[in-house]
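>>> Dropping the sequence and predicted coords here.
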Amino acid sequence: KCLQRVSNKECDDQSARACSTFGFIETTTGHYDSAIESLSKAYSIALANGNADLNRNRVLYGIVNGLKLRSIFIDYIDQMNIYDLIEWKSTRLENYFKKLKP
């Protein structure tokens, strides 16, 4: 109810923060659909107002979408290959840093 009162007002920083906070709470409880809705609204408000929280809302929105899709793909991930994947990624990261050095 509190979020509805705030989000019905003119698009402002408080409304974006309320939507973002509500989306974060919904994410922690596993309600990804409502979290996506709230974070999408927070992002839209921040984008319209040039809000400083724009990047934060963008990242949270992406994370929640990833968490929602995780359940779909988790069955396809072979847990025994996670170590190999991390090892491969570490090697690529080391090579990247070597290229940056003069």
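Structure's in. What do you need? The structure displayed is predicted, hence computed values, not measured ones. Residues are numbered from 1 along each chain as shown.
>>> Tell me the pLDDT of the closest residue to residue 32 other than its chain neighbours.
Nearest residue to residue 32, sequence neighbours excluded (CB to CB, 6 or more residues apart in numbering): residue 68, at 3.9 Å. Just so you know, the C-beta spots here come from the backbone N, C-alpha and C atoms, and that holds for glycine as well. pLDDT for residue 68: 88.
>>> To which secondary structure element is residue 68 assigned?
Using DSSP states H and E, the element containing residue 68 is helix 54-73.
>>> Can you name the element that comes right after that helix?
According to DSSP H and E, the helix or strand after helix 54-73 is helix 82-100.
>>> Dump stretch 25-38 to PDB, keeping only the CA atoms.
Coordinates of each C-alpha in stretch 25-38 appear next as PDB, following Å, rounded to 0.1, in the frame of the first residue of the first chain:
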ATOM      1  CA  ILE A  25      12.700  -7.200  -1.300                       C
ATOM      2  CA  GLU A  26      10.600  -9.300  -3.800                       C
ATOM      3  CA  THR A  27      13.900 -10.700  -5.300                       C
ATOM      4  CA  THR A  28      15.100 -11.900  -1.900                       C
ATOM      5  CA  THR A  29      11.800 -13.700  -1.300                       C
ATOM      6  CA  GLY A  30      11.900 -15.300  -4.700                       C
ATOM      7  CA  HIS A  31       9.000 -13.400  -6.300                       C
ATOM      8  CA  TYR A  32      10.800 -12.600  -9.500                       C
ATOM      9  CA  ASP A  33       7.900 -11.500 -11.700                       C
ATOM     10  CA  SER A  34       6.800  -8.800  -9.300                       C
ATOM     11  CA  ALA A  35      10.400  -7.900  -8.700                       C
ATOM     12  CA  ILE A  36      10.900  -7.400 -12.400                       C
ATOM     13  CA  GLU A  37       7.800  -5.300 -12.600                       C
ATOM     14  CA  SER A  38       9.000  -3.000  -9.700                       C
END
